[in-house]
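>>> Quick one: sequence plus predicted model below, questions after.
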Amino acid sequence: QVQLVESGGGVVQPGRSLRLSCAASGFSFSSYAMHWVRQAPGKGLEWVAVIWYDGSNEYYADSVKGRFTISRDNSKNTVYLQMDSLRGEDTAVYYCARAMPGSLRAWYSEHWGQGTLVTVSS
Amino acid sequence: QSALTQPRAVSGSPGQSVTISCTGTSADVGGYDYVAWYQQHPDKAPRLLIYDVTKRPSGVPDRFYGSKSGNTASLTISGLQAEDEADYYCCSYAGRYTVMFGGGTKLTVL
């Protein structure tokens, strides 16, 4: 079955960087777009970024554009989120999610990992 | 980018029906038929319930029904069960290759 396992979370100081990883298994990774979605403590879901199945396109929420970079390595079945210039408001559980099949439904997150907590604090 | 507007909380008794609304604009909910709903139990990852406004992924009971009129999408849950108690989020394609979530609605089964 589909499995997504995030890693790389932790405590980081404001202004520093952190890279999250999401290891995928149980499906043909190179055929699906992948998302990152975050959830601040006690708050709602916020979409962060998406990368196309072949890495040809990547799109971001305005709140992270220019600071975060999504990438993938299809040979390793892994998607990444490089987070630079971190701020307190970036504190959240970060989920990676597999999109539904097909370009028209790439906006939907069908399968989710369990998330990794990122805390930005001095 | 502002979140889509959902009621903070709704409630219903077992067996009853409840409807959760999700109001956006013509730039998101009203402009595209790319609306989804997610269910999230405490300390769990979200689960996709509805996509393309009305469609259910395999395994989602037909008690969950999605609809849309103008800039407002709705999720109706019929035959409420105790396990339906959770947070519900709407989600829409918002143009410029971005996605927007609603603020979330807490459903209490009385």
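Looks like it arrived, so ask away.
>>> which bits of chain A sit near chain B?
Where chain A comes near chain B, counting by C-beta under 8 Å from any C-beta of the partner chain, the residues are A:35, A:37, A:44-47, A:50, A:57, A:59-63, A:95, A:100, A:105, A:107-110, A:112-115. Backbone N, C-alpha and C define where each C-beta goes, glycine included.
>>> run the last query once more with 6 Å
Taking C-beta under 6 Å from any C-beta of the partner chain as the criterion, the neighbours of chain B within chain A are A:Gly44, A:Leu45, A:Trp47, A:Tyr59, A:Asp62, A:Trp107, A:Tyr108, A:Glu110, A:Trp112, A:Gln114.
>>> So which residue is dead centre in chain A?
Centroid check for chain A by C-alpha atoms, centre = their mean gives A:Trp36 as the closest residue, at 2.6 Å.
>>> Can you tell me the closest non-neighbouring residue to that residue?
A:Val48 (4.2 Å; C-beta to C-beta, 6 or more residues apart in numbering or on different chains).
>>> three-state assignment of the one you found?
The three-state assignment at A:Val48 reads strand, by DSSP: H, G, I helix; E, B strand; the rest coil.
>>> I figured it hits A:Arg38, correct?
Yes: counting by C-beta atoms under 6 Å, A:Val48 touches A:Arg38, with 5.4 Å between them.
>>> okay, and the common contacts of the two?
Both A:Val48 and A:Arg38 lack any common contact, where contact means C-beta atoms under 6 Å, 6 or more residues apart in numbering or on different chains.
>>> Now do A:Ala40 against A:Gly88, distance only.
Using C-beta to C-beta, to the nearest Å, one gets 10 Å for the distance from A:Ala40 to A:Gly88.
>>> Could you tell me which residues of chain B lie near chain A?
Within chain B, the positions near chain A by C-beta under 6 Å from any C-beta are B:1, B:34, B:36, B:45-46, B:48, B:51, B:89, B:93, B:97, B:99, B:101, B:103-104.
>>> Among these, name the buried ones.
Buried positions within the residues of chain B next to chain A, assessed by neighbour count (16 or more other C-beta atoms under 10 Å in any protein chain shown), are B:Tyr34, B:Ala36, B:Ala45, B:Pro46, B:Leu48, B:Tyr51, B:Tyr89, B:Tyr93, B:Val99, B:Phe101, B:Gly103, B:Gly104.
>>> Return the set of residues that bridge with B:Gln39.
On the basis of DSSP bridges, B:Gln39 is bridged to B:Arg47, B:Tyr88.
>>> OK, contacts around the residue nearest to A:Trp36?
Contacts of A:Val48 (C-beta under 6 Å, 6+ apart): A:Trp36, A:Val37, A:Arg38, A:Ala61, A:Val64.
>>> Could you rerun that using 8 Å?
With contact set as C-beta atoms under 8 Å, 6 or more residues apart in numbering or on different chains, A:Val48 has these partners: A:His35, A:Trp36, A:Val37, A:Arg38, A:Tyr60, A:Ala61, A:Val64, A:Phe68, A:Ile70, A:Leu81, A:Tyr94.
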